[in-house]
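Peer 1: sequence below, structure please.
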Amino acid sequence: MRVRPGRAEDVEPVMALVRRAVPLMRQAGNLQWDDAYPNAEVFAEDAARGQLWIAEEDGRVAGVAAITEDQEPEYADAGLDPDEPAIVVHRLAVDPAFRGRGVAEALMRQAEEVARARGIMALRLDTNTENEATRRLFPKLGYVLAGEIGLAFRPGRRFLCYEKRLG
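Peer 2: As a prediction, this is how the structure comes out:
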């Protein structure tokens, strides 16, 4: 498997991955994503901004993540300083056909590489309280739960905010 920067032409395969993943997320009780979010425009913007990353195996998109410096202001509600530079992982998804193969871990390692290359010591992310898979994954990768927050753009949902410090 290799992780590479995403391009505009990756948006359609990424959306196909999302269309396969969302029903399984919903079956598991995770309502974080739906028909409106994330959408092709969001991933196209990620690609245009150079923050879309693709995990590829055998020429197929196995996973996706947006590796950004975009922090939600609500991170302050978890005791984190949103003015401190941080690498933030958004829109992490693995194609159901590639689950259990370390795809999410590879994308998260890429986030650490981006942070180190930019001299940024903090990595942050949030996940829906209903997302059991990420709630298991993030602590395993050294992320510490900072607190539970709400996000203005996802009303009615609660999110767990995590941070990892590089040293």
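
Peer 1: so for stretch 64-71, mean pLDDT?
Peer 2: The average pLDDT for stretch 64-71 rounds to 97.

Peer 1: where does this protein have low pLDDT?
Peer 2: For the chain, no stretch has pLDDT under 70.

Peer 1: hmm, try it at 90
Peer 2: Counting by pLDDT under 90, the ranges of the chain that qualify are 24-37, 130-133, 151-157, 167.

Peer 1: kindly export stretch 66-77 (C-alpha atoms) in PDB.
Peer 2: Below are the C-alpha coordinates for stretch 66-77, written out as PDB (Å, rounded to 0.1, in the frame of the first residue of the first chain):
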ATOM      1  CA  ALA A  66      -7.900  15.300   4.500                       C
ATOM      2  CA  ILE A  67      -4.700  16.300   6.400                       C
ATOM      3  CA  THR A  68      -5.100  20.000   7.100                       C
ATOM      4  CA  GLU A  69      -4.300  22.800   9.500                       C
ATOM      5  CA  ASP A  70      -8.000  23.600   9.800                       C
ATOM      6  CA  GLN A  71      -9.100  23.400  13.500                       C
ATOM      7  CA  GLU A  72     -12.600  23.900  14.600                       C
ATOM      8  CA  PRO A  73     -13.000  26.800  17.100                       C
ATOM      9  CA  GLU A  74     -14.900  24.300  19.400                       C
ATOM     10  CA  TYR A  75     -11.700  22.500  20.100                       C
ATOM     11  CA  ALA A  76     -11.200  25.200  22.800                       C
ATOM     12  CA  ASP A  77     -14.200  23.600  24.600                       C
END
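
Peer 1: quick check: buried residues in it?
Peer 2: 66-68, 71-72, 74-75, 77 (16 or more other Cβ atoms under 10 Å). (Each C-beta comes from the backbone N, C-alpha and C, glycine too.)

Peer 1: of all these, which two lie farthest apart?
Peer 2: Ile67 and Asp77 (23.0 Å; Cβ to Cβ).

Peer 1: right, I'll leave it there.
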